[in-house]
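Sequence first, predicted coordinates after that:
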Amino acid sequence: MGVVNRLRNSTSPYLLQHADNPVDWWPWSDEAFAEAARRDVPVMLSVGYAACHWCHVMAHESFEDPETAAVLNAHVVAIKVDREERPDVDAVYMTATQAMTGSGGWPMTVFMTPAGEPFFCGTYFPRDRFRDLVLNVSRAWEGQRGDLTDRAKQIAAALAENAAATTQALRRPGGGDREQRFDEVTEAAVTALENIYDDQTGGFGSAPKFPPSMVLEFLLRHHQRTGTVPAEVPDALRLAEGTCEAMARGGIYDQLGGGFARYSVDARWVVPHFEKMLYDNALLARVYLNLWRLTGSELARRVAQQTCDWMLRELRTGEGGFAASLDADSEGEEGKFYVWRPAELAAVLGPQDGEFAAEVFGVTAAGTFERGASVLQRHTDPQDAARLARVSDALLAARAHRVRPARDDKVVAAWNGLAISALAECGLLLGRPDFIAAARDAAELLAAVHLANGRLIRTSRDGTAGGTGTAGGSGTAGGTGTAGGTGTAGVLEDYACVAEGFLTLSGVTGEARWLTLAGDLLEVALGAFGDGEGGFYDTAADGEPLIFRPADPADNATPSGTFAVAGALLRYSALTGSARHREAAAAALGVLPGIAARYPRAAGAGLAVAEAWLAGPAEIAVVGSPEDERTQALHQTALHAATPGAVLALGDGTQAADAPEGVPLLAGRGLVDGAPAAYVCRQFTCLAPVTTPEQLSQTLARPS
């Protein structure tokens, strides 16, 4: 019997990469688990993502090999999952993998019973070892079934118990002086980060080094709130500046085209793992913008702008959203698109400019990567800026003729929410209306395609809501993961990050509809994801049941759903005056002290929200005609001088105090003697309005 191409209708480019494999792949579905039960064989789950280098390696070695595929097809039901499309499935079985092996990564390889209970986990396996593994699993299934299934049940039960116990252990009582508690935890976190800071090359800890985006945001907010500190107290700004400069001048940042790679394999940020993710770049664009706001650093301003330009140029889809990632590989080699040799520089630029470029970008005969190639760096800025610009443009144009890395063009709701926030704020402060327009287009796509029956769909592609195209229910192991609509169900981070993006966009554009949509999303988050004790699960109560319900409050490469929803709830409360949302934000931060004390690098997003709480946050209402240059100046100044976590509202000054629609922060706040004005408030108690940018900056600089 031939292989059935069950992945052909998927909206996941990762699944489509495997659609023509000789492996008889199934998407994650009830039918796949039922087939395993019918055949009385185990399930082999393979989880990865489109930009994953080692996923490609294992695919070429094993999944594209007819002999290995035949072994798989004979002995297991093989399921392929895109971790970006189904983060819940990935989280549950990655927890199992880490518990059983002590480490994790992708591709993730899990053998389990037809009930979804894992009994053997791993990551990448070379072809011969993988083939032997499948055969050994099959023999154990036939000859030691009782022991194997008992072990699987025990593992599943232990994972569920541990997940519940871990969350309970992290949670602190919600009462007491929250301001004092948040102040203490943020101060302690800065000290802890200072202790693991790399004074030589920036960042925290040793290789591999990932961009610590949320930690950097926290450090900048902490510095801005606390101001000048005694010499013996760790300087949050120094940690943030040092890391940002090291990354921006290293190989992890694309010195020609802009944009950050996913991580550096070394401690000096020289050689990246070349895949580029939307979420990294959205988060870092905002970080560098805020660094520029605080310090005036031209490097930070350039990187913020170039990163946004890169997102628009490389990731924007035809429907107005933003693609998930760019691959690390091209022509089967990692990094081939990005690296250079001295002879290649000379061939493009001529001998003199080639020598100049080699010196500026650190390209050597020995190379900094593989086979004599170098990753471009830029440790200093040459005095001849015009020559640098001309050389960079020529190299970028020449590079455009190389074979480009593949693009995973699915749209992930949460990551697009992050991009909307970054582009809206960068557009306002950098005077780039095209950034704001792109943020609005992405928001329109999310509202039109990703919202169905009041619920969020996590992914889409080509304007079609994500999913496998295969029917599925909501059984113990399988299902399509839908909840309240069709397609891949949104998880907590989707609701939180999209709500945050909508709230930011509302403040930048003055369009109240985004506030309304954000409020609707947060109501779903509170009702469907809340655990009844102030915390949150990562999946909805009516979502597909897995062997346990994931609830990880710690940050990973993106803000945790718990911390992200805390930030969105606090921002919404500041714009609407809702005490209920403010209380919910504080309750969600109940896990912050426990995480920050043990692993501050996994608490950056929560610490940043705590800084916003401690700063008020400030509520800034700007009123006046949007065409009036005075309104525009106040609007831009409001964001430029904003204190940590400040919220922004923009209106024309005509919203009545009792208006049922609109932004509550704008209600009853009008012009001053016919002139545009700005109102600075905290918990809806406002200072006297001001009418000039200078007055607004001074007002925002006052202690809260």
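Happy to help now that I have it.

thought G507 was touching A642?
No. Between G507 and A642 there is no contact under CB atoms under 8 Å: 10.0 Å. Yep, even glycine has a C-beta here, placed from its N, CA and C like the rest.

Quick check: neighbours shared by those two?
Common neighbours of G507 and A642 are listed as L648 (criterion: CB atoms under 8 Å, 6 or more residues apart in numbering).

Give the residue from those two that has the larger number of neighbours.
Between G507 and A642, counted using other CB atoms under 10 Å, the more crowded position is G507 (30 against 23).

Could you say which helix or strand holds the more buried one?
Using DSSP states H and E, G507 maps to helix 492-509.

And that helix, what does it pack against?
If you count contacts as 3 or more CB pairs under 8 Å, 6 or more residues apart in numbering; DSSP states H and E, helix 492-509 packs onto helix 413-429, helix 433-445, strand 455-456, helix 513-524, helix 561-576, strand 647-651.

Redo the ones you listed as TSV? Include mean neighbour count, distance to T149 and mean pLDDT.
Shown next, in TSV, are the helices and strands packed on helix 492-509 (neighbours: other CB atoms under 10 Å; distance: least, CB to CB, whole Å; pLDDT from 0 to 100):
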stretch	mean neighbour count	distance to T149	mean pLDDT
helix 413-429	29	36	98
helix 433-445	20	45	98
strand 455-456	26	36	96
helix 513-524	20	38	98
helix 561-576	28	33	98
strand 647-651	26	53	98
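
how about these in CSV, adding distance to Y338?
Listed next are the helices and strands packed on helix 492-509 as CSV, based on distance: least, CB to CB, whole Å:
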stretch, distance to Y338
helix 413-429, 22
helix 433-445, 24
strand 455-456, 35
helix 513-524, 37
helix 561-576, 31
strand 647-651, 37
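
Tell me which of those sits nearest to W25.
helix 413-429 (25.2 Å; CB to CB).

The closest one versus strand 647-651: what angle between them?
Relative orientation of helix 413-429 versus strand 647-651 (axes from the mean of the first three to the mean of the last three CA atoms, to 10 degrees): 60 degrees.

next one: helix 413-429 to chain centre, how far?
12 Å (CA atoms, centre = their mean, to the nearest Å).

Packing partners of that helix?
So helix 413-429, by 3+ CB pairs under 8 Å, 6+ apart, packs with helix 278-295, helix 298-310, helix 433-445, helix 492-509, helix 629-640.

if we can go back for a sec, now the helix holding G507 - C-alpha only, CSV.
Output of helix 492-509 as CSV, limited to C-alpha atoms (Å, rounded to 0.1, in the frame of the first residue of the first chain):
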residue,chain,number,x,y,z
LEU,A,492,-2.5,32.3,26.0
GLU,A,493,0.5,34.1,24.5
ASP,A,494,-1.6,34.7,21.3
TYR,A,495,-4.4,36.4,23.3
ALA,A,496,-1.9,38.4,25.4
CYS,A,497,0.5,39.6,22.6
VAL,A,498,-2.3,40.4,20.2
ALA,A,499,-4.1,42.4,22.9
GLU,A,500,-0.9,44.2,23.7
GLY,A,501,-0.4,45.0,20.0
PHE,A,502,-3.9,46.3,19.6
LEU,A,503,-3.6,48.5,22.6
THR,A,504,-0.3,50.0,21.4
LEU,A,505,-1.7,50.5,17.9
SER,A,506,-4.8,52.3,19.4
GLY,A,507,-2.5,54.7,21.2
VAL,A,508,-0.4,55.4,18.2
THR,A,509,-3.3,55.8,15.6
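
closest one to R549 among the helices and strands packed on helix 413-429?
Closest to R549 of the helices and strands packed on helix 413-429 is helix 492-509 (CB to CB; 11.2 Å).

centre of the chain versus that closest one, how much separation?
Distance, centroid of helix 492-509 to centroid of chain: 13 Å (CA atoms, centre = their mean).

Spatially, and excluding backbone neighbours, which residue is closest to D441.
Ranked by CB to CB, 6 or more residues apart in numbering and with sequence neighbours excluded, the top spatial neighbour of D441 is G320, at 3.3 Å.

now do F548
Leaving aside its sequence neighbours, F548 sits nearest to A160 (CB to CB, 6+ apart; 3.7 Å).

May I have the phi/psi pair for that neighbour?
phi -60, psi -40 (degrees, to the nearest 10).

thought it was touching P550?
No. Counting by CB under 8 Å, A160 stays clear of P550, with 10.3 Å between them.

so who does the closest residue to E84 other than its chain neighbours touch?
Sequence neighbours aside, Y49 is the residue nearest to E84 in space, at 5.1 Å (criterion: CB to CB, 6+ apart). Shown in contact with Y49 (CB under 8 Å, 6+ apart): 14, 55, 82-84, 106, 324-325, 408.

do you know how far Y49 is from V92?
Distance from Y49 to V92, counting by CB to CB, to the nearest Å: 16 Å.

With G259 instead?
In this view, G259 and V92 are 31 Å apart by CB to CB.

With S460 instead?
On the measure of CB to CB, S460 and V92 end up 24 Å apart.

circling back to that earlier point, tilt between the helix holding G507 and helix 629-640?
Using the same axes, to 10 degrees: helix 492-509 against helix 629-640 is 150 degrees.

mind listing what's buried in helix 492-509?
Across helix 492-509, burial judged by 16 or more other CB atoms under 10 Å covers 492-509.

Over to stretch 341-351?
For stretch 341-351, by 16+ other CB under 10 Å, it's 341-342, 344-346, 348-349.

right, and out of the residues you listed, which lies closest to D555?
Taking CB to CB as the measure, D555 lies nearest R341 of the buried residues of stretch 341-351, at 38.3 Å.

Settle this for me: that closest one is touching E370, isn't it.
No. Look at R341 against E370 with CB under 8 Å: they stay out of range, at 11.1 Å.

Just give the closest residue to D90, not the sequence neighbours.
Closest to D90 by CB to CB, 6+ apart is R83, at 3.8 Å.

give me every residue that touches the closest residue to S206 other than its chain neighbours.
Setting aside the residues directly before and after it, S206 is nearest to A267 in space (CB to CB, 6+ apart), at 5.5 Å. Contact analysis of A267 by CB under 8 Å, 6+ apart lists 198, 201, 203, 206-207, 209.

please redo it, this time with the cut-off set to 7 Å
198, 201, 206-207, 209 (CB atoms under 7 Å, 6 or more residues apart in numbering).

With G653 instead?
Counted by CB under 7 Å, 6+ apart, G653 has contacts 623-624, 670-671.

Show me what the helix or strand where E241 lies packs onto, helices and strands only.
Per DSSP H and E, E241 falls inside helix 236-249. Here helix 236-249 touches helix 178-195, helix 213-226, helix 278-295, helix 298-310, going by 3 or more CB pairs under 7 Å, 6 or more residues apart in numbering; DSSP states H and E.

Go through those and name the closest to A452.
helix 278-295 (22.3 Å).

tell me the angle of that closest one relative to helix 629-640?
Going by the same axes, to 10 degrees, helix 278-295 makes 110 degrees with helix 629-640.

buried ones in stretch 390-406?
The neighbour-count check on stretch 390-406 (16+ other CB under 10 Å) flags 391-392, 394-395, 398-399, 405-406 as buried.
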